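Everything below, folded, please.
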Amino acid sequence: MVVSWTLSSSMQLVMMAVASDLISIFSYLLWNAMIKLAEVSTAALIARSLERGMKTLALASMGALSSLTLTIAYDPGYIF
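As a prediction, this is how the structure comes out:
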């Protein structure tokens, strides 16, 4: 009885650890996808702004993108 309860508890702990890892991996992949989307949309905004001669908006967008990049580069904990 005690042995089966111990095995059952161990299996529950293993399943919880696996679930936690899967959630962490999914969160990491989702975060990376959001960053890529932000980079692409910001790059598109910069290109459109430069085409229209709106240099101030393009510079502001470049500043926002570089700020995000620096935040992630210097604070890896920022991701989670």
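
which stretch of helix or strand covers the spatially most central residue of the chain?
In the chain, the residue lying closest to the centroid (Cα atoms, centre = their mean) is residue 31, at 1.8 Å. According to DSSP states H and E, residue 31 maps onto helix 2-51.

helices or strands up against that helix?
helix 55-74 (3 or more Cβ pairs under 8 Å, 6 or more residues apart in numbering; DSSP states H and E). In short, each C-beta sits where N, CA and C put it, glycine included.

Let me know whether residue 46 touches residue 55 as I believe.
No. Taking Cβ atoms under 8 Å as the definition, residue 46 is not a contact partner of residue 55, at 10.2 Å.

more crowded one of those two?
Higher neighbour count among residue 46 and residue 55: residue 46, with 19 against 10, using other Cβ atoms under 10 Å.

any idea how far that one lies from residue 60?
Residue 46 sits 9 Å away from residue 60, taking Cβ to Cβ, to the nearest Å as the criterion.

Ok, residue 36 next?
21 Å.

swap in residue 34?
Residue 34 sits 20 Å away from residue 60, going by Cβ to Cβ.

Kindly report the same for residue 35.
19 Å.

Quick check: buried residues in stretch 24-36?
Residues of stretch 24-36 include none that count as buried (16 or more other Cβ atoms under 10 Å).

what about it, average pLDDT?
Averaged across stretch 24-36, the pLDDT comes to 83.
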